[in-house]
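Visitor: Any chance you can model this:
(2 chains)
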Amino acid sequence: MRKNTFSLWAFAGLALAVAPAAPAHHSAAMFDQARSRELTGTVRQFQWTNPHCYIQLLVRNANGEDEEWSIEMAAPMHLYGQGWRPTTVKPGDRIKVKIHPLRNGDKGGEIEDAVTLDGKPLGRRS
Amino acid sequence: MRGRIMVLAALATGALLPGQAIAESCEPADLASLRGWGGVWIAEGMQAPISGRLATDSAANRQLIRMVGLDAPWNEAGIARLEEMVRITIAGLQKQAGWGFPMMMNTVAPLSFVVAPQETFIISQYRDIRHVYTDGRPQPAKEDRWPTPWGNSIGCWQGDTLTIKTIDAGYDPKFNYAAPPVSDDAKFVETLRLVAPDRLESTMTVIDPALLTQPWTIHISYVHPQGVDRLIHDGDMFENDRSVTDGRSPTIASVRESERAATPRPEVRLSEAQIDRLVGDYFIDGSGIVMHVERRGGLLWAGTDPQPTLPFHAQDPLNFEARAIDMTLRFKTDAAGRVTGFEGRGPDGQPMTGKSAYRP
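Guide: Residues are numbered from 1 along each chain as shown, chains lettered A, B, ... in the order given. Reported below is the predicted structural model:
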């Protein structure tokens, strides 16, 4: 009985907090998997690096100031399988991303999706 | 034939002892008939999206989570180990050095099977490697073994079926925080077979009397991942590891440290004559060491024997910085404009001064 109860709890915890922790070299605990946020901005840099790729995205705030967001992605080995390449996004590109934001409120998050301003998917689907 | 059946039966029940040979009737791998094992494979449904994480409500994620043993038949001691593993995982502060075995066989990281007549390698894109001799040899002697994330494996080809027996692959949260927390004495028996041109099927049975009430069996199917034509480098976690803690919780470092360090200050181009006036030897105060300054092309180079000579970039005709070792030199001159010495910052960050060895 204890096993079954524990298994259910653990499954939920892993699924929500970290479990597919897999490729990431660290868990997903830092990201709020229950929330999504959309950002539109200008790519400052695309870091095609292990253990994670990052899009450094300049997003204009309500005061008209650019704020830099760090958008965490999978490692190159996974992005490659989804049709991404080191040149898929370039500095100056205007894109829209959907992220699970950082829990601590820092300007960053885990990517869910990335598209051009007119909604065209980036990567293999483009 | 009877011998083969007995060997397979022994494998299935985990009856083989670590020192025993896996089989007396192992056949050399028939490479011609096993060509279909080539290429890149991945556990079915496990190909990761651009986030690198499977959807939490997906069947693949449940399969991934299942692999850590949430529905394994743990005994009380095993449940305690499982609780500890989950606690570590959810804390979110652990990092992963690799998948390790057995997780590497059922993850988002693609695999390749490299089959040679007497040995087979299973390579995970996450840099885990299993080296499986299939020539009928036994496991290494006890004094030659110790627990590792990959364990020790021996295997046996019987026609198109590969059977692998693995030991010494216990749970090590320092290597992978999310893995079945079996004991170091756990035994794993896998059978793998190509059932279709694009489909490999595997059955893994885990025998761990210390922590499991009965053998635990997992079925895994492998397919070719879309868009992946080769294994791609997955570097170590230090190349651009931006996951840090803010003192309370994990977060993303705001900027890449290496990017900050790699931003050089603008450089001033000097004439050869401007550099030549600085060339010579300098006594470093308080050290008894001589620094040698020379010109190579349009750059000033400086070094001390036996330390290497490194380039210094001009900020102005008398101010230089080394980009390789974060060191600065500011040459001093007398009223006649002759160089008399230098002051600056050494590679250890401490102030350093020196006098020209030139005495007119």
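Visitor: If B:V115 is in a bridge, with which residues?
Guide: With DSSP bridges as the criterion, B:V115 is bridged to B:T120.
Visitor: Looks like it contacts B:W37 (just checking).
Guide: Yes - using CB atoms under 8 Å, B:V115 is in contact with B:W37, at 5.5 Å. For the C-beta atoms, the positions are set from N, CA and C on the backbone; glycine is no exception.
Visitor: give me the number of residues near the residue of chain A found nearest chain B?
Guide: Proximity of chain A to chain B (CB to the nearest CB) peaks at A:A29, 2.4 Å away. When neighbours are counted by other CB atoms under 10 Å in any protein chain shown, A:A29 registers 20.
Visitor: And the pLDDT for it?
Guide: Note for A:A29: predicted pLDDT of 71.
Visitor: in which helix or strand would I find it?
Guide: Taking DSSP states H and E as the definition, A:A29 sits outside all helices and strands.
Visitor: Please look at B:N240 and A:W48 and confirm they touch.
Guide: No - if you go by CB under 8 Å, B:N240 and A:W48 don't touch, sitting 9.3 Å apart.
Visitor: just checking, the residue of chain A closest to chain B touches B:A91?
Guide: Yes - at 7.0 Å, A:A29 and B:A91 qualify as touching, with contact defined as CB under 8 Å.
Visitor: So residue 83, which state does it fall into?
Guide: Using chain A. coil (DSSP: H, G, I helix; E, B strand; the rest coil).
Visitor: That was the other one, I meant chain B.
Guide: Secondary structure assignment for B:E83 (three-state DSSP): helix.
Visitor: That one: how many residues sit nearby?
Guide: Neighbour tally, B:E83, other CB under 10 Å: 15.
Visitor: Please apply the same query to B:K165.
Guide: B:K165 has 24 nearby residues by other CB under 10 Å.
Visitor: can you list the residues that contact the helix or strand hosting it?
Guide: Element membership of B:K165, judged by DSSP H and E, is strand B:161-167. Strand B:161-167 is touched from outside by B:8, B:11, B:16, B:18, B:22-23, B:29, B:101-102, B:120, B:130, B:132, B:134, B:139, B:145, B:151-156, B:185-193, with contacts defined as CB atoms under 8 Å, 6 or more residues apart in numbering or on different chains.
Visitor: Going by neighbour count, list what's buried in stretch A:65-79.
Guide: Neighbour counts using 16 or more other CB atoms under 10 Å in any protein chain shown place A:69-79 of stretch A:65-79 among the buried residues.
Visitor: quick one, phi psi at residue 66?
Guide: The chain I'm using is chain A. Phi and psi for A:D66, reported as degrees, to the nearest 10, are phi -80, psi 130.
Visitor: please go with chain B instead
Guide: According to degrees, to the nearest 10, B:R66 has phi -60, psi -30.
Visitor: Which helix or strand contains the residue nearest to the spatial centre of chain A?
Guide: The centre of chain A sits closest to A:I111, judged by CA atoms, centre = their mean, with a distance of 1.8 Å. Element membership of A:I111 [criterion: DSSP H and E] is strand A:108-116.
Visitor: helices or strands up against that strand?
Guide: Taking 3 or more CB pairs under 8 Å, 6 or more residues apart in numbering or on different chains; DSSP states H and E as contact, the helices and strands that strand A:108-116 lies on are strand A:66-72, strand A:94-101.
Visitor: just the angle between the longest one and strand A:108-116, please?
Guide: Just to be clear, that refers to strand A:94-101. 150 degrees (axes from the mean of the first three to the mean of the last three CA atoms, to 10 degrees).
Visitor: same question, the shortest one
Guide: Put simply, strand A:66-72 runs at 100 degrees to strand A:108-116, going by the same axes, to 10 degrees.
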